[in-house]
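Engineer: let me see the structure of the following:
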Amino acid sequence: MSAFSNLGDLIGRDRDLSKVAVVDLGGEETPREFTYQELDAMTMGVARALTKRGFARGDRVAILSANRAEYLAAYFGIMRAGFVAVPVNYRFPKATIHSILDNCGAKLVFCDTASRENCPEGIPAITFGDESRDGFDRFVDPGFFEAVTPRPEEPAMFLYTSGSTGIPKGVVLSHRSHIWVVETRLAPGLDRHRYLIAAPLYHMNALALSKLACAAHATIVLLPRFEAKSYIQAIGRYRPTWLTAVPPMIAMMLRETDAMARADLSSVEFIRMGSAPVSQSLMEATRRAFPKAAITNAYGTTEAGPVVFGPHPKGLPQPESSVGYPHPQVQLRLADGGNRNVDEGVLEMKCPAVMNGYHNRPDVPSPITADGFYVTGDVFRRDRDGFYYFIGRTDDMFVSGGENIYPADVERMLEKHPDVGQAVVIPVDDDIKGTKPVAFVIPKAGRAPTEDAIKAYALANAPAYQHPRFVWFVDELPLASTNKVDRGALRKLAQERVGRSE
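Structural biologist: I've put the predicted structure just below:
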């Protein structure tokens with residue numbers, strides 16, 4: 001039987017409530033610490049205040065803010081009271097934010113001062129760090145609140161997709177589904193860890209780890225957003241044992257060589273990279289920087305959660321480029337058209353974390369099969385030992401002269417070149433082939449590869465149709481709001497550069 005029933009009620013009150021739950025490095029000008037007793041009280045105060053507003057069970061309450069302790073209190077408090085938490089990407093354009101709030105039917109918005117101007121006029125807004133009548137501190141109603149007991153499949157939160165392939169979709173996730181995620185990842189001894197979180201709390205990566213930390217009675221070191229030098233400084237000063245990030249965040253951190261050399265990084269025991277492919281060169285560089293840390297190349301989705309892969313049941317070592325072996329509580333299969341008995345194809349998964357569906361989007365076909373599998377849209381390969389390898393997204397795949405090209409496949413090949421630190425491959429229009437691949441490359445420190453050398457390497461190590469027709473060297477890559485590489489921005493830039501060269 002589950003130890004939890006409400007996703008907003010994960011704090012064990014029989015444990016040491018004087019322990020620091022959150023070290024907030026961005027909510028105000030100076031760092032703030034919140035004990036478990038203070039976080040729990042703030043969460044109950046949110047639940048009481050929302051209930052007094054007269055909202056109906058299941059009403060949606062949004063959060064539009066950079067990371068801060070009050071964000072977590074609002075998130076947990078909304079769910080604890082039986083309402084639905086809707087974290088919203090505060091970096092979205094104002095029109096997109098309004099569209100999301102309209103789609104979910106938000107009754108109230110919690111926001112920080114920077115995002116207040118992006119809140120619609122017709123929805124009440126409560127502002128973090130504001131001492132006025134509409135400020136968070138005056139809104140909270142102190143006192144005990146008994147968490148509601150959710151019904152089976154009752155929604156706990158909507159998480160909106162990045163919108164990279166169209167209008168953001170609201171993924172409906174139940175209390176039960178993500179309590180399963182928490183309990184599946186929970187293990188004895190996690191309470192000793194300090195988790196450094198800089199990924200945005202509107203994203204599954206940071207939210208799932210925050211819930212795990214609270215259930216484990218561990219400590220969260222919370223940055224408002226990712227900035228490489230601040231991230232490194234936080235490691236040195238606050239001694240986290242656990243880092244979680246998307247690969248571009250780690251790559252940007254490793255390029256800050258002076259800051260890395262000055263900081264004491266010895267506290268780090270675990271690094272979990274997910275939400276995007278991890279190249280061999282990035283894995284090797286991370287191992288050199290954190291020789292004592294266990295590094296995991298992870299995989300997960302918003303629609304079906306972060307529990308997908310794990311260690312091999314026979315104890316076989318996981319290949320560095322693999323994301324692991326199927327978790328024992330997750331069913332996986334690969335599909336190629338109508339054939340599901342293949343070793344390379346689109347990953348379909350079934351587990352208790354699979355979403356209820358997309359909210360209020362009758363225009364979007366359900367990605368859930370008749371037998372309950374979520375069709376991820378991600379292409380994987382499975383080896384003879386049962387390990388899985390990410391090939392690329394069907395959304396990113398493009399056709400050049402009749403050949404299917406998965407950018408991640410080409411990027412991994414380019415990043416094996418000794419002078420290449422990071423590569424991103426995207427398509428540009430071509431009159432003959434329809435599209436053709438081009439590449440943006442960040443060289444390794446102190447290296448100066450040439451375009452011809454990169455092209456020659458690609459022709460020698462991959463099919464000719466995969467080689468990039470143009471190679472541009474850059475110091476950094478644009479990131480989208482989830483800290484993944486912004487391929488849309490790069491595709492626009494590439495098309496402009498190709499146009500100027502022709």
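
Engineer: ok, residues contacting stretch 38-50?
Structural biologist: Among residues not part of stretch 38-50, those counted as contacts by Cβ atoms under 8 Å, 6 or more residues apart in numbering are 8, 11, 13, 17, 21-22, 34, 61, 69-70, 72-74, 76-78, 80-81, 83, 108, 139-145, 147, 214. (Each C-beta comes from the backbone N, C-alpha and C, glycine too.)

Engineer: next, count neighbours for residue 144.
Structural biologist: Neighbouring residues of residue 144 were enumerated by other Cβ atoms under 10 Å; the total is 10.

Engineer: in three-state terms, label residue 54 for me.
Structural biologist: coil (DSSP: H, G, I helix; E, B strand; the rest coil).

Engineer: that one: neighbouring residues, count only.
Structural biologist: Neighbourhood size, residue 54 [other Cβ under 10 Å]: 8.

Engineer: next: the one 10 residues further on.
Structural biologist: Applying other Cβ under 10 Å, we find 27 residues neighbouring residue 64.

Engineer: ok now do it, which residues does it touch?
Structural biologist: Taking Cβ under 8 Å, 6+ apart as the contact definition, residue 64 lies against 88, 90, 97, 109, 110, 111, 112, 115, 118, 119.

Engineer: in this model residue 62 seems to touch the second one, though I could be wrong.
Structural biologist: No. Residue 90 sits out of contact with residue 62 when judged by Cβ atoms under 8 Å, with a separation of 10.4 Å.

Engineer: give me the more crowded residue out of these two.
Structural biologist: When neighbours are counted by other Cβ under 10 Å, residue 90 and residue 62 differ, and residue 62 comes out ahead with 29 against 20.

Engineer: the more buried one looks like it's in a helix, true?
Structural biologist: No. Assessed with three-state DSSP, residue 62 is strand; it does not lie in a helix.

Engineer: that one against residue 106, yeah?
Structural biologist: Yes. Proximity of residue 62 to residue 106 meets the contact threshold set by Cβ under 8 Å, at 4.2 Å.

Engineer: who touches both of those two?
Structural biologist: What both residue 62 and residue 106 touch, as defined by Cβ under 8 Å, 6+ apart, is the set 86, 123.

Engineer: just give the number of residues close to residue 126.
Structural biologist: One way to gauge burial is a neighbour count; for residue 126, by other Cβ under 10 Å, it gives 25.

Engineer: pull up the per-residue confidence for residue 385.
Structural biologist: At residue 385 the predicted local distance difference test score is 96.

Engineer: that one and residue 343, how far apart?
Structural biologist: 12 Å (Cβ to Cβ, to the nearest Å).

Engineer: show me where pLDDT drops low in the stretch 201-350 of the chain?
Structural biologist: Along the stretch 201-350 of the chain, segments meeting pLDDT under 70 span 275-277.

Engineer: and the helices in it, which stretches?
Structural biologist: 204-216, 228-238, 247-254, 257-262, 280-289 (DSSP state H, counting those that start in this stretch).

Engineer: including distance to residue 48 and mean neighbour count, could the ones you listed go into a markdown table?
Structural biologist: As requested, those are exported to a markdown table (distance: least, Cβ to Cβ, whole Å; neighbours: other Cβ atoms under 10 Å):
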| stretch | distance to residue 48 | mean neighbour count |
| --- | --- | --- |
| helix 204-216 | 19 | 23 |
| helix 228-238 | 32 | 18 |
| helix 247-254 | 37 | 23 |
| helix 257-262 | 44 | 12 |
| helix 280-289 | 44 | 16 |
